[in-house]
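**Q** Next input, structure requested:
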Amino acid sequence: MTHSSSCTRHLTVVGDPNDINTWSNIPYFFLQAGKRRGFLDGGLPLKPEKLQVHRWGWNLWTLLRTWDYGGFQYSPYFLDQLWEQVETDPVTDEFISHFPLLPPKPAKRHYRVSYYIDATLTQNFDDYDVAANVSPPVREQALAQERRNYHHADRVVGMSGWAAQSVIEDYDVPEEKVHVVPGGANLREDELPDTVESAAPSDLQPLRLGFIGKNWRRKGLPFLLDVADALEQRSLEVEVWAVGPEPSALPDHPALRPQGFIDKASDLGQFVTVVRSVHFGCLFSSIEAFGISNVECLRLGVPVLATNVGGIPDTVPDSCGLLFAPDTAAGMVAERLATFVENPSMYHELREHILSQAKRFTWDRTVKRFVEIWAEED
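**A** Okay, here's the model as predicted:
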């Protein structure tokens, strides 16, 4: 074990980290890797869905009292009701929380807590426009509690420099308490082959551009289709393989090849085959706290193209792909891609470089860094 046997370390999130379907799979894979290394003992199986009646009552009560409602999941009432499901000893337990407001009132309850977040509430409220659905009093109360929690915490770990910067600048947390540790690919390592050999054809025509994500508008699929149009204007063949969105919801475009939703938990083989068959994974998001699809592509040996916004830069290290400014024209991206088509050896060198780096994009590597940080400070 990497910590005292008298103290257990639990992972918590709004949901059950033991369930692979919780929060984009992130808590599940972090927890499993943490348990393998003896860093985490378990995850708290919180069930927010059991509080649906409480949500209706709370919304009605706040509407009648303030003529405003929204933000139940940030309210002290919700958090206290959710935490009543916990059956651990608050004296001996240490928590790592993915949610800035859990555990509730850690300072008053003498909890040892560290946070591992993809974004602060300030970033969620402002950059993701979540504030539009949260009443101002609840929002202000949540931000104040978040600030107190960070200052009480042993450490605050961001998945990206973007999140860490907000913790320091928006919440005045001392830099020495703040760390950056990117997450890993949400793929079952024991079900992947020992090698991640490239399945991409040697020919870059047609050029296959991969897209992964349900929120296809925010994640830039329309822009990617504009890139496809610009490539077609150069007389280059291109296909856009889209994984995640319901095909019927997507726009009609001659280059689009909808793959539908692929459940990685039950059909990892199909997901791996599709991802390895594209030449580039693409994430042209307008805002993105991290960008797990980039990490998954790189883990499988596929280079990525992405927008240089939010936490995305921390998912594309060491020449593993290309980052573009948010205002980059589709024609400029197409020009860079055309260079690879005209010089196939340049592309294959890039792919070989990523293959040699693939193991760095795992949750085991992420937890290794957590162990180092805890060892340095204990």
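
**Q** Please identify the buried residues of the helix or strand bottoming out on mean pLDDT in the chain?
**A** When each helix and strand of the chain is scored by mean pLDDT, DSSP states H and E, helix 52-66 comes last, with a mean of 83. Burial within helix 52-66, assessed by neighbour count using 16 or more other CB atoms under 10 Å, is assigned to H54, R55, W58, N59, T62. Backbone N, C-alpha and C define where each C-beta goes, glycine included.

**Q** Now stretch 206-226: average pLDDT?
**A** Average pLDDT, stretch 206-226: 97.

**Q** again with stretch 145-152
**A** Per-residue pLDDT values across stretch 145-152 average out to 98.

**Q** Could you do stretch 22-42 as well?
**A** For stretch 22-42, the mean pLDDT works out to 97.

**Q** try stretch 302-322
**A** 95.

**Q** Quick one: end-to-end distance for it.
**A** End-to-end distance for stretch 302-322, by CA to CA, to the nearest Å: 12 Å.

**Q** now stretch 237-257
**A** Start-to-end span of stretch 237-257 (CA to CA) is 13 Å.

**Q** tell me which of the buried residues of helix 52-66 is nearest to G158?
**A** Nearest to G158 among the buried residues of helix 52-66 is R55, at 29.3 Å by CB to CB.

**Q** tally of neighbours for the residue nearest to that closest one when sequence neighbours are not counted?
**A** Nearest residue to R55, sequence neighbours excluded (CB to CB, 6 or more residues apart in numbering): F72, at 4.8 Å. Counted by other CB atoms under 10 Å, the residues lying close to F72 total 22.

**Q** Looks like F72 contacts W58 (just checking).
**A** Yes - at 5.3 Å, F72 counts as touching W58 under the criterion of CB atoms under 8 Å.

**Q** so what sits against both of those two?
**A** F78 (CB atoms under 8 Å, 6 or more residues apart in numbering).

**Q** my read: Y74 touches A142, true?
**A** Yes - taking contacts as CB under 8 Å, Y74 lies within contact range of A142: 4.0 Å.

**Q** quick one: which of those two has more around it?
**A** Applying other CB under 10 Å to Y74 and A142 shows that Y74 carries more neighbours, namely 25 against 22.

**Q** Can you measure across stretch 93-113, start residue to end residue?
**A** Across stretch 93-113, first to last residue, CA to CA, it's 9 Å.

**Q** how far is that stretch from where the chain is centred?
**A** 21 Å (CA atoms, centre = their mean, to the nearest Å).

**Q** pLDDT (mean, whole number) over that stretch?
**A** 94.

**Q** Could you pull out the buried residues of that stretch?
**A** Residues of stretch 93-113 classed as buried: 93-106, 111-113 (neighbour count, 16+ other CB under 10 Å).

**Q** Which of the residues you listed fall within helices?
**A** The helices, defined by DSSP state H, take in P106 from the buried residues of stretch 93-113.

**Q** For this structure, which segments are assigned as strands?
**A** 9-12, 42-43, 94-97, 112-117, 155-158, 178-180, 207-212, 238-243, 256-260, 280-283, 304-307, 321-324 (DSSP state E).

**Q** So which elements touch the shortest one?
**A** On a contact count with 3 or more CB pairs under 8 Å, 6 or more residues apart in numbering; DSSP states H and E, strand 42-43 meets strand 9-12, helix 26-36.

**Q** which stretch among the ones you listed comes nearest Q81?
**A** Proximity of the helices and strands packed on strand 42-43 to Q81 was assessed by CB to CB; the nearest stretch is strand 9-12, lying at 14.7 Å.

**Q** for that closest one, packing partners?
**A** Helices and strands touching strand 9-12, by 3+ CB pairs under 8 Å, 6+ apart, are helix 26-36, strand 42-43, strand 94-97.

**Q** want to throw the ones you listed into CSV with distance to E349?
**A** Shown next, in CSV, are these (distance: least, CB to CB, whole Å):
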stretch, distance to E349
helix 26-36, 30
strand 42-43, 41
strand 94-97, 39
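
**Q** These: which one's closest to D252?
**A** Closest approach to D252 among the helices and strands packed on strand 9-12 (CB to CB): helix 26-36, 33.4 Å.

**Q** could you dump that closest one to CSV, C-alpha only?
**A** The C-alpha coordinates for helix 26-36 follow below in CSV (Å, rounded to 0.1, in the frame of the first residue of the first chain):
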residue,chain,number,x,y,z
ILE,A,26,-13.2,8.8,-16.0
PRO,A,27,-13.8,7.9,-12.3
TYR,A,28,-14.1,4.2,-13.1
PHE,A,29,-10.7,4.0,-14.9
PHE,A,30,-9.0,6.2,-12.3
LEU,A,31,-10.3,4.1,-9.5
GLN,A,32,-9.3,0.8,-11.1
ALA,A,33,-5.8,2.0,-11.8
GLY,A,34,-5.6,3.4,-8.3
LYS,A,35,-6.6,0.1,-6.7
ARG,A,36,-4.1,-1.8,-8.8
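
**Q** Noted, bye for now.
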